[in-house]
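> The following block contains a protein sequence and its predicted model.
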Amino acid sequence: MASQGVNVLRYSALVGGLFYGFLHQGTLTSQAKLAEQEREYKHKESLIQKAKAEWAKQHAPPVDYSKTGLVTDPEDPRFDLEKFIIAKAEEK
């Protein structure tokens, strides 16, 4: 049979291990919650930035191309790469 001192050490180690396990699990859970909140915040932030960009694109004042004749937006169907390159070369 084990002596009383050995039993006290065994149960002390068991209780200490359980305490550490609960403490560590709480730390891991709180870190996971913080990471989830951060991901959610970043996602919402990116959605807001996209919405702002789309709103600015839809509500942009019309550009008068008759003054310069140059369309600088490559997404615009009237964009002419040759004119754009020539205009950039003349700027320098």
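Structure's in. What do you need? Numbers count the residues shown, from 1 in each chain.
> Buried residues of stretch 25-40, list them for me.
When burial is assessed from 16 or more other C-beta atoms under 10 Å, stretch 25-40 yields no buried residues. Using the backbone N, CA and C atoms, a C-beta is placed for each residue, glycine as well.
> Longest helix in the protein, please.
helix 4-58 (DSSP state H).
> mean confidence score for that helix?
Per-region confidence: helix 4-58 scores 96 on mean pLDDT.
> Now find how far off-centre it is within its chain.
17 Å (C-alpha atoms, centre = their mean, to the nearest Å).
> just checking, what packs against it?
If you count contacts as 3 or more C-beta pairs under 8 Å, 6 or more residues apart in numbering; DSSP states H and E, helix 4-58 packs onto no helix or strand.
> Check whether residue 74 sits in a helix, strand or coil.
When classified by DSSP: H, G, I helix; E, B strand; the rest coil, residue 74 comes out as coil.
> What separation is there between it and residue 84?
According to C-beta to C-beta, to the nearest Å, residue 74 and residue 84 sit 8 Å apart.
> cool, residue 14 as well?
Applying C-beta to C-beta to residue 14 and residue 84 gives a distance of 75 Å.
> which of these two has more neighbours?
Legend: neighbour count by other C-beta atoms under 10 Å for residue 14 and residue 84, higher for residue 84 (15 against 10).
> got a list of what that one touches?
70, 71, 72 (C-beta atoms under 8 Å, 6 or more residues apart in numbering).
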